[in-house]
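K.L.:
pasting the sequence and the predicted coordinates here, then a few questions.
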Amino acid sequence: MEWSEKFTRGNPPSPEEIRDYIKSPLWTDLCQFIEDTYSLSPVFEHSSCSGAPGWNVKYKKSGRALCTLYPGRGYYTCLISIGRKEAPEAELMMNSFSGYLRDLYKKTSLYNGSRWLMIDVTSEEILDNVKDLICIRTHPPKNRKE
C-alpha cells in the first residue's frame, strides 16, 4: 500500500510508523542529526500536492524550513532549498558530493532564485551530502551537541 493511502489526512502516522514504513537506518540518522545539531523537533504535516502527497516531516528553524522529509519504502526523499545566499557555498562543495547529487543539482532549474532539490536518500554518501547541505542552509549553532 502506498504511503498516502496507508496514512490519510485523518490518520496521521506516529514517528514509529514512519520509521517502520521506511525501514532504513538512514532515516533515524538524519532525524537524530537534525534534532541534536539544531535542537529541533519534527513537525508532521499532510500535503495533497501531486508530487509527494501524504504525511511528511518538516524541520524548521526560526520559521525557515531546514528540510522536508517524504517517506518511501526503503528510502526517503529530502527536500532542501538552496537559495541565492547558499548557492556559492553549495557549489564550492559540489565536487566533493556524490555523482547523483552533482547531477541532481545541475538538472534542477532555478525557481524564484532557488534550487528545490528532491534528494532520494539511499546511501550513507548521499546522507552525508544532505547533512552538509543542511549545514550550508542554516549553519549549526556554535554550542551544538556533538
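P.N.:
Looks like it arrived, so ask away. Since we're looking at a predicted model, the values are computed, not measured.
K.L.:
skipping adjacent residues, who's closest to Ile119 in space?
P.N.:
Cys78 (4.8 Å; CB to CB, 6 or more residues apart in numbering). Just so you know, the C-beta spots here come from the backbone N, C-alpha and C atoms, and that holds for glycine as well.
K.L.:
and that neighbour, what is it in contact with?
P.N.:
Counting by CB atoms under 8 Å, 6 or more residues apart in numbering, Cys78 makes contact with Leu30, Cys67, Thr68, Leu69, Tyr70, Leu117, Met118, Ile119, Val121, Val130.
K.L.:
what of Gly54?
P.N.:
Gly54 makes contact with Glu2, Trp3, Ser4, Phe7, His46, Ser47, Tyr70, Pro71, according to CB under 8 Å, 6+ apart.
K.L.:
over to Ser123?
P.N.:
Leu26, Ser98.
K.L.:
now the phi/psi pair for it, please.
P.N.:
Main-chain dihedrals, Ser123, degrees, to the nearest 10: phi -150, psi 160.
K.L.:
before we move on, the earlier item: that's a strand at the residue nearest to Ile119, yeah?
P.N.:
Yes. Under DSSP: H, G, I helix; E, B strand; the rest coil, Cys78 sits within a strand.
K.L.:
check what pLDDT it gets.
P.N.:
Per-residue pLDDT puts Cys78 at 97.
K.L.:
for the one 3 residues further on, same thing?
P.N.:
At Ser81 the predicted local distance difference test score is 96.
K.L.:
separation between it and Met1?
P.N.:
Noted for Ser81: a distance of 30 Å to Met1, by CB to CB, to the nearest Å.
K.L.:
Thr108 contacts Trp116, correct?
P.N.:
Yes. Contact criterion CB atoms under 8 Å: Thr108 and Trp116 qualify, at 6.8 Å.
K.L.:
related to what we said a few turns ago, what's opposite the residue nearest to Ile119 in the beta bridge?
P.N.:
With DSSP bridges as the criterion, Cys78 is bridged to Leu69, Ile119.
K.L.:
tell me which residue is most central in this structure.
P.N.:
Centroid-nearest residue in the chain: Cys78, 2.7 Å away (criterion: CA atoms, centre = their mean).
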